[in-house]
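Asker: Would you be able to build a 3D model of this:
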Amino acid sequence: MLLQRRAWLNTPSTQGRGGDGGSRGAGPSTILAGVDEKRERRIKAIVRGNFDVSARSYREFEVCFGLFGELASMLASMSGVGEGQRILDVGCGCGDSANVLSGIVGRRGLVVGLDVSRPMLLAAASDRGAGRVLLVQADGQDPSCVARGRFDVVLYNACAFLLPDPESSFARAALLLVPGGTVGVSVLRSLVDARTGQDLVATYRGDEALGLGDGRIVDPGAVPGMLSRAVGPVITRSHVREARADEARAFYRVPAQGASLYPRASLEERLRMVDALFAILDERGHAPALAWDLHVAQGGGIRASG
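Answerer: Numbering: from 1, shown residues only. Coordinates of the predicted model:
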């Protein structure tokens, strides 16, 4: 993998024009109009800080459980990713999704991984996949730093719910698509009981003994509407992971993910509180599992699948 600090393919011939690529009208300069810039900066700083200290724990988690690779494979299948295509992996993190995607597109294709956290990208650069992968340190809120009309698919694997304004990011991603391209998004809906479907976070948020907060930046249920408005028609698939308390616990022990449950706690306090939460869930007979929603939007017309 090649790691670049600056945006790539930022060519005058394609930037700033409403030409090809499935654009839905507004150019990048108008998409963010009205966004609270102070809030956006604050959220970005918090998210970047959490991910900068999460590279090692993310890699250890993925080696044990393979979650992000599985989600990437599912999104790729839903999005019609195939050999020779060009894929933009927004919020690529440690490169787990990019490696899966590069194996699908092969040597004739290209995967560009984009992430705001340099430690995460350095971890990704140390793990070379089979295909061509280019890593770029850039802001996932604005993926239009790459040239318009160059990607068959843009994917947001387990990252869109960490953006200050996902809808504007999706709209910018739509500008990057070839005609008929797709944008795929995986979103963590909640921690649920795999046997009953009970939303465990919603159930126990009022339990003072657990001290659960709400560090979510975006309501997961709002993502399909955002994607539809920004890109085009959306198809959705729900996926609940196998009930493995050790996986769910390990997921929330990753600093960047534990912040969604305990946003005001320090890292040390967060780890202790996550362990206490799962001990209580076990005592109460729950089967904790991570519930995900996968959404794919078709930009510029539906592509026929084989």
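Asker: The stretch 51-200 of the chain: strands as residue ranges?
Answerer: Along the stretch 51-200 of the chain, the stretches classed as strands by DSSP state E, counting those that start in this stretch are 86-90, 110-115, 133-137, 151-157, 177-193.
Asker: want to throw those strands into a markdown table with mean neighbour count and distance to Ala72?
Answerer: C-beta here means a position set from N, CA and C on the backbone, and glycine is covered the same way. Converted to a markdown table, those look like this (neighbours: other C-beta atoms under 10 Å; distance: least, C-beta to C-beta, whole Å):
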| stretch | mean neighbour count | distance to Ala72 |
| --- | --- | --- |
| strand 86-90 | 27 | 8 |
| strand 110-115 | 27 | 10 |
| strand 133-137 | 22 | 13 |
| strand 151-157 | 28 | 5 |
| strand 177-193 | 24 | 8 |
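Asker: Now mean pLDDT too, for these, in JSON lines please.
Answerer: Conversion of those to JSON lines gives the following (pLDDT from 0 to 100):
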{"stretch": "strand 86-90", "mean pLDDT": "96"}
{"stretch": "strand 110-115", "mean pLDDT": "94"}
{"stretch": "strand 133-137", "mean pLDDT": "91"}
{"stretch": "strand 151-157", "mean pLDDT": "97"}
{"stretch": "strand 177-193", "mean pLDDT": "95"}
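Asker: In TSV: the ones you listed, plus distance to Ser238.
Answerer: TSV is the format used below for those (distance: least, C-beta to C-beta, whole Å):
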stretch	distance to Ser238
strand 86-90	22
strand 110-115	26
strand 133-137	29
strand 151-157	16
strand 177-193	8
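Asker: For Thr203, find the nearest of the ones you listed.
Answerer: With C-beta to C-beta as the criterion, Thr203 lies closest to strand 177-193 of the strands of the stretch 51-200 of the chain, at 8.6 Å.
Asker: ok, then the element right after that closest one?
Answerer: With elements assigned by DSSP states H and E, the helix or strand that comes after strand 177-193 is helix 200-204.
Asker: Chain neighbours aside, what residue packs nearest to the residue nearest the centre of the chain?
Answerer: Taking C-alpha atoms, centre = their mean as the criterion, Cys159 is the residue nearest the geometric centre of the chain, at 2.3 Å. Counting by C-beta to C-beta, 6 or more residues apart in numbering, Cys159 lies nearest to Gly91, which is 2.8 Å off, once chain neighbours are set aside.
Asker: Touching, the one you found and Leu162? I think so.
Answerer: Yes: applying C-beta atoms under 8 Å as the test, Gly91 and Leu162 come out as touching, 7.2 Å apart.
Asker: hmm, back to that, could I get the contacting residues of the residue nearest to the centre of the chain?
Answerer: Listed by C-beta atoms under 8 Å, 6 or more residues apart in numbering, the contact partners of Cys159 are 90-91, 93, 140.
Asker: ok, now Gly211?
Answerer: 262, 273.
Asker: surely Gly82 meets Val105?
Answerer: Yes: Gly82 lies in contact with Val105 (C-beta under 8 Å); the separation is 7.2 Å.
Asker: neighbour count winner among the two?
Answerer: The residue with the greater number of neighbours, taking Gly82 and Val105 and applying other C-beta atoms under 10 Å, is Val105; the counts read 24 against 15.
Asker: how about that one, what does it touch?
Answerer: Residues in contact with Val105, defined by C-beta under 8 Å, 6+ apart, are 81-87, 111, 131.
Asker: Many thanks, have a good one.
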